[in-house]
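# Let me see the structure of the following:
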Amino acid sequence: MKRNTARCAAIARSASMAPGWGRPIRPPCHPWSTWTSLLDVPVEGDQKGCTLTGWKVFWVPEAHDCTGVRPKLLAGWDDLGSREAASGIRPGDPIFLSPDYEVDPVLSLYVQSRAFRFYETETKRNYATDIALLLTFLWGRGKVWLRAEGRDLNDYEFWRTCAPENLGQVGGAKWNRELAAFTALFRWAKRAGWIASNPVEMREVVGRDGVVSEVPEQRAKDARSSNVRWLTPRTWRLWTDVGLRGLDRNGRQRHGWAGRLEDRNTAFVRTVTSSGLRKQEAGSLLTFEVPAVPPAGVRYAHGRVAAGVTRSKATRTFYVAAGAVGDVETYVESSRAWAVAGAQRAGRYDRLVGMRLVTEVVPGLKPRVRWAERDGACGERELGKFTWQERMRLFTEGPDGPEPLWLWLTEEGLPLRPHSWNGVFTAANQRCEEALAPPPDRRTDPHRVYWPTACPHAARHSFALYMLVVLNELMDRRYGLTAEERRDFRLLYGDPWFMVQGLLGHASRETTVNIYLAPVRHLQLSSLLAVAAAPLEGPLPDLDGVFARVAREAEGIVDIDARLSPVGVVS
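Residues are numbered from 1 along each chain as shown. All right, here's what the predicted structure looks like:
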């Protein structure tokens with residue numbers, strides 16, 4: 001099955017090279033006539049394991065990823081890279097393959113459009129997946145997407161959100177994301193002249209600022225603005241011990257636990273839970289961007305996250321617990337070094353295409369990276385302008401050959417892509433369920449069915465909750481203010497940010513907060529953290545009770561006691 005799937009991917013990629021693919025092609029009258037030839041060799045569609053049950057999305061890999069099975073499948077396509085470049089195909093582009101192994105040329109033009117190309121990588125993946133699901137639905141009723149009507153989308157919405165026979169119904173927020181993908185696709189198709197009318201029904205709304213805009217009529221009204229999930233510190237400790245370290249509910253090592261990547265995964269989770277970095281931000285750190293282990297008695301270190309990997313495209317300071325930095329250092333000196341050595345012996349780095357050997361990192365307010373290509377060409381660029389994909393190509397010369405500057409590596413010594421951390425968290429969730437879930441006969445009681453689950457973004461939410469609780473506690477201790485005194489202080493003097501906004505004459509509060517006062521945040525936060533009684537990943541001894549109380553009083557906060565029961569429930 002794996003070989004057949006790889007073959008399908010090769011077919012999809014090869015089909016995009018077909019003569020005339022890059023030219024605008026008007027679809028014929030019959031909805032499923034052949035639009036573009038795939039290969040001269042017929043596809044055994046009835047071969048076991050090769051038949052597609054719906055539309056599939058394949059992704060054009062980076063040049064340095066074309067190793068392993070691909071050269072065998074693409075024998076005779078030595079000029080594939082140049083042909084892709086001539087056709088406008090770039091690494092990271094999706095290719096849509098129909099159940100009868102045909103590539104939709106109009107969709108291929110869409111993913112090359114500016115409208116799609118400028119999406120973030122995660123948005124591209126989400127939108128492509130959403131579009132493939134709609135294509136499969138339309139395929140079932142014998143329609144191409146260019147002939148879709150409003151009632152088709154209405155029927156699809158009902159199926160996705162309400163149909164009783166659909167066991168995988170989605171909520172309002174998920175549907176709104178899918179609708180955004182469809183809206184962007186059909187808007188582009190209409191603007192490019194492929195369709196006469198947009199099947200996504202639109203209506204006008206007036207915003208708070210009085211500006212009139214159009215929104216899809218099918219937008220869900222019950223959508224939550226965000227799917228926020230928090231885990232308290234002791235819940236994260238339990239999740240890490242069971243899901244990443246292979247312990248059972250009694251703290252003993254589970255039988256058969258290998259733990260080959262235990263130090264890497266644990267270091268990453270402690271980093272994101274104690275810093276609040278996003279998955280892409282933490283997942284694309286370079287080795288020299290990790291803060292140094294602070295001296296004894298200093299509980300926090302701070303570093304800089306580069307603009308090119310942030311959502312706001314702005315460099316900022318991040319704080320991380322000293323213990324987490326120590327975990328990263330241990331990982332670098334142990335399993336990471338072992339993976340690098342193995343890759344060097346196997347010659348994996350010698351086969352990589354597009355490697356940039358960094359010769360110098362020039363410090364300063366805007367650090368610059370200087371590198372040399374394999375052909376001897378040299379380059380220089382601001383560190384903050386590298387995307388996460390470009391960072392994967394940065395290497396340094398080690399004592400035994402080239403070594404990646406990318407911090408988090410696979411067992412083969414190659415960079416681990418940021419979205420691959422989703423799989424690490426999913427596997428940890430499964431281990432927690434296996435080790436902590438109650439027997440099947442007790443799972444019908446929702447008060448007893450309980451084990452912690454997490455995702456990478458939950459670490460960011462939990463960090464925000466922790467900082468909110470801790471900084472309030474520290475503020476009260478430092479200044480001796482009770483809750484009533486703090487309220488009276490705000491009533492008497494007003495919001496400090498609002499006062500400074502008035503003094504500076506800013507029309508926007510955000511300008512004051514984000515630009516003018518950003519430099520003093522570091523001093524203010526450092527002052528508060530300096531008196532903290534414990535590092536971030538190990539909460540203050542008397543704060544477990546505070547978090548337990550918050551968890552009882554607020555929806556979405558997951559807390560768990562030593563007996564693996566929800567707080568307040570007697571097992």
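
# How about stretch 238-255, which residues are buried there?
For stretch 238-255, burial by neighbour count (16 or more other CB atoms under 10 Å) applies to Leu238, Trp239, Thr240, Asp241, Val242, Gly243, Leu244, Arg245, Gly246, Leu247, Asp248, Arg249. All C-beta atoms are positioned from the backbone trio N, CA, C, and that covers glycine.

# ok, now stretch 326-340?
Those would be Gly326, Asp327, Val328, Tyr331, Val332, Ser335, Arg336, Ala339, Val340, for stretch 326-340 by 16+ other CB under 10 Å.

# same question, stretch 137-145
Of the residues in stretch 137-145, those buried under the neighbour-count criterion (16+ other CB under 10 Å) are Phe137, Leu138, Trp139, Lys143, Val144, Trp145.

# Make a markdown table from the residues you listed and add secondary structure and distance to Ala301 to it.
Below are those laid out as a markdown table (DSSP: H, G, I helix; E, B strand; the rest coil; distance: CB to CB, whole Å):
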| residue | secondary structure | distance to Ala301 |
| --- | --- | --- |
| Phe137 | helix | 50 |
| Leu138 | helix | 53 |
| Trp139 | helix | 53 |
| Lys143 | coil | 57 |
| Val144 | coil | 56 |
| Trp145 | helix | 51 |
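
# Tabulate these (JSON lines), appending pLDDT and distance to Val103.
Formatted as JSON lines, the buried residues of stretch 137-145 follow (pLDDT from 0 to 100; distance: CB to CB, whole Å):
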{"residue": "Phe137", "pLDDT": "93", "distance to Val103": "19"}
{"residue": "Leu138", "pLDDT": "93", "distance to Val103": "16"}
{"residue": "Trp139", "pLDDT": "92", "distance to Val103": "14"}
{"residue": "Lys143", "pLDDT": "90", "distance to Val103": "18"}
{"residue": "Val144", "pLDDT": "91", "distance to Val103": "13"}
{"residue": "Trp145", "pLDDT": "93", "distance to Val103": "14"}
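
# Taking those residues, tell me the two that lie furthest apart.
Spatial extent of the buried residues of stretch 137-145 (CB to CB) is set by the pair Phe137 and Val144 at 12.2 Å.

# Please enumerate the helices of the stretch 351-500 of the chain.
For the stretch 351-500 of the chain, applying DSSP state H, counting those that start in this stretch gives helices covering 388-391, 421-436, 456-479, 483-493, 496-504.

# Quickly, which of the ones you listed bottoms out on average pLDDT?
Here the lowest mean pLDDT among the helices of the stretch 351-500 of the chain goes to helix 496-504, at a mean of 49.

# Which residue ranges of the stretch 1-150 of the chain form strands?
Secondary structure of the stretch 1-150 of the chain by DSSP state E, counting those that start in this stretch: the strands cover 56-59, 94-97.

# I'd like the average pLDDT over stretch 156-170.
Rounded mean pLDDT across stretch 156-170 is 88.

# May I have that stretch as PDB, with CA atoms only?
The C-alpha coordinates for stretch 156-170 follow below in PDB (Å, rounded to 0.1, in the frame of the first residue of the first chain):
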ATOM      1  CA  TYR A 156     -22.500  19.800   1.800                       C
ATOM      2  CA  GLU A 157     -22.900  22.000   4.800                       C
ATOM      3  CA  PHE A 158     -25.800  19.900   6.000                       C
ATOM      4  CA  TRP A 159     -23.800  16.700   5.500                       C
ATOM      5  CA  ARG A 160     -20.700  18.100   7.300                       C
ATOM      6  CA  THR A 161     -22.600  19.700  10.300                       C
ATOM      7  CA  CYS A 162     -26.000  18.100  10.700                       C
ATOM      8  CA  ALA A 163     -26.600  14.800   8.900                       C
ATOM      9  CA  PRO A 164     -27.400  12.100  11.400                       C
ATOM     10  CA  GLU A 165     -25.800   9.400   9.200                       C
ATOM     11  CA  ASN A 166     -22.500  11.400   9.200                       C
ATOM     12  CA  LEU A 167     -20.500  10.100  12.200                       C
ATOM     13  CA  GLY A 168     -17.800  12.700  11.700                       C
ATOM     14  CA  GLN A 169     -19.800  15.900  12.000                       C
ATOM     15  CA  VAL A 170     -17.800  19.100  12.500                       C
END
